[in-house]
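> predicted structure and sequence below. I'll ask about it afterward.
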Amino acid sequence: MRIAIINGPNLNLLGKREPGIYGTQSFEEFLAVLRTQYPAVTISYYQSNVEGELINEIQRVGFEYDGIIFNPGGYTHTSVAIGDAVAAIKTPVLEVHISNVHAREEFRRHSYVSPHAAGVIAGLGIQGYAQALDWFIKQARS
Ligand code: CA2
């Protein structure tokens, strides 16, 4: 089973800034644990701060992989193009947000991605990615 994790802008700063909102662990540390816990799953990881690069990666994995776990970062709330890319691919996408976007500023309540996602996880911290991975594994078994 192949799962792609894609993180959008500023998520390369995880563990370095704003620990109160985004936690203290870097994504690379978390990913190493995830790969150890799920040895049967091939987990690719891609992070970019650039909108078009994220779209290229969505298209690259979007017809071959079994699932995409996608945190579009701030582009969630602004990018028609990223929403269009998610709508255009075959692979199901779970949208993940580390923070509870519904408990923050009003503008974070709208997502251009959610209408095209299989589901949305928000506010569970970095563990939301593990929850998303569990869901894809259980879906594949059923
Ligand atoms: O909660 C999330 O995962 C977000 O997608 C994170 C985005 C934010 O714009 C969304 O509304 C919700 C921001 C990512 C910024 O990541 C940082 C991580 C560490 C330190 C500073 C920023």
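Sure thing, it's come through. Numbers count the residues shown, from 1 in each chain.
> residues in contact with the helix or strand that contains G52?
Per DSSP states H and E, G52 falls inside helix 51-61. Outside of helix 51-61, the residues within contact range by CB atoms under 8 Å, 6 or more residues apart in numbering are 2, 4, 6, 8, 44, 46, 48, 68, 70, 72, 75, 79, 81-82, 85-86, 88-89, 91. Placement of C-beta: from N, CA and C, glycine included.
> for stretch 29-38, same thing?
Contacts of stretch 29-38 (CB under 8 Å, 6+ apart): I5, G15, I43, Y45, I126, Y129, A130, L133, I137.
> over to stretch 125-140?
1, 3, 5, 14, 23, 25, 27, 30, 34, 37-38, 41, 43, 66-67, 69, 71, 92, 94, 96-98, 119, 121-122, 124.
> just the buried members of these?
3, 5, 14, 23, 27, 30, 34, 38, 41, 43, 66-67, 69, 71, 92, 94, 96-98, 121-122, 124 (16 or more other CB atoms under 10 Å).
> excluding covalently adjacent residues, which one is nearest to R109?
H102 (5.7 Å; CB to CB, 6 or more residues apart in numbering).
> when you check the ligand, which of the contacts of stretch 125-140 turn up near it?
L14, N71, H97, I98 (CB under 6 Å from any ligand atom).
> report the contact partners of the last one.
To tie it back to what came earlier, the one meant is I98. Contacts of I98 by CB under 8 Å, 6+ apart are L14, I21, Y22, G23, N71, G123, L124, G125, I126, G128.
> pull up the pairing partners for the one helix or strand F70 maps to, direction included.
Per DSSP H and E, F70 falls inside strand 67-71. Its sheet considered, strand 67-71 pairs with strand 2-7 (parallel), strand 93-97 (parallel) by DSSP bridges.
> in helices only, show me the contacts of stretch 29-38.
Taking DSSP state H, the ones among those that sit in helices are Y129, A130, L133, I137.
> sorry, back to before: and the furthest pair within the contacts of stretch 29-38?
G15 and I137 (25.7 Å; CB to CB).
> what's the weakest-modelled helix or strand in the chain?
helix 19-22 (a mean of 81; mean pLDDT, DSSP states H and E).
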